[in-house]
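Enquirer: A structural model of the following input is requested.
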Amino acid sequence: DEQVPLHHGIFQLLSILTKDKRPRIWKFLSEFYNVEPRVGYHLLYYLYSRAQLDLYLEFTSYTSAGNLKACLTEDLRICQEEDSPATFYKIIPDLYQKFPAVTTGNSGILHLIVSCIDSQQLHTIVCNVMSKKMKIFNVRSISSLLRTTLEWETFEQYCVWQLLSAESVPPNPL
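Expert: Numbers count the residues shown, from 1 in each chain. Here you go, the predicted structure:
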């Protein structure tokens, strides 16, 4: 039998606690997160599966990083490295919808996406971009983002250009 990690029981408490009682859980989880970083990814996926991503934003303010961008990038890195690619690519579109201020134009998250992508996953993300379910690029910072990608592998750059084309970014910013 597979054992359920202790922190999953703690996550379940979140659904019954009122907002004013959650800070105690957040403080505990943030301390646990400092020792075991996978807790953040597990929390992210747990909240994703229950359509409660707002609570993840609340949690990140209690971490030592103290912000959504740093926590999300690190938790996605752990997800990409330690879980199946299917899980990683399953949550990406919803994260781009829920947290556009942090995900759009984020070279770290974009690199995580293209560094382990296969053709089927690329097709799915291109479809999400074309149907406006995801906005990957920030027109104001596209030049610096593209300069960053010059250090990436050739296939990763190819994927970025596929996504850029799917998003129909006007040529003027380039």
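Enquirer: C-alpha from now on. contacts and neighbour counts both.
Expert: OK.
Enquirer: which sections of this protein are below the confidence cut-off?
Expert: 1-8, 170-174 (pLDDT under 70).
Enquirer: show me where it has helices.
Expert: Assignment of helices within the chain using DSSP state H yields the ranges 6-14, 22-35, 38-49, 53-60, 68-82, 85-98, 100-103, 107-115, 119-130, 142-149, 154-167.
Enquirer: any chance of these in JSON lines, plus distance to residue 136?
Expert: Below are the helices of the chain laid out as JSON lines (distance: least, Cα to Cα, whole Å):
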{"stretch": "helix 6-14", "distance to residue 136": "30"}
{"stretch": "helix 22-35", "distance to residue 136": "28"}
{"stretch": "helix 38-49", "distance to residue 136": "19"}
{"stretch": "helix 53-60", "distance to residue 136": "19"}
{"stretch": "helix 68-82", "distance to residue 136": "14"}
{"stretch": "helix 85-98", "distance to residue 136": "7"}
{"stretch": "helix 100-103", "distance to residue 136": "7"}
{"stretch": "helix 107-115", "distance to residue 136": "8"}
{"stretch": "helix 119-130", "distance to residue 136": "8"}
{"stretch": "helix 142-149", "distance to residue 136": "10"}
{"stretch": "helix 154-167", "distance to residue 136": "8"}
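Enquirer: what would those look like in a markdown table with mean neighbour count?
Expert: As requested, the helices of the chain are arranged in a markdown table below (neighbours: other Cα atoms under 10 Å):
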| stretch | mean neighbour count |
| --- | --- |
| helix 6-14 | 13 |
| helix 22-35 | 16 |
| helix 38-49 | 20 |
| helix 53-60 | 19 |
| helix 68-82 | 19 |
| helix 85-98 | 16 |
| helix 100-103 | 18 |
| helix 107-115 | 19 |
| helix 119-130 | 16 |
| helix 142-149 | 14 |
| helix 154-167 | 17 |
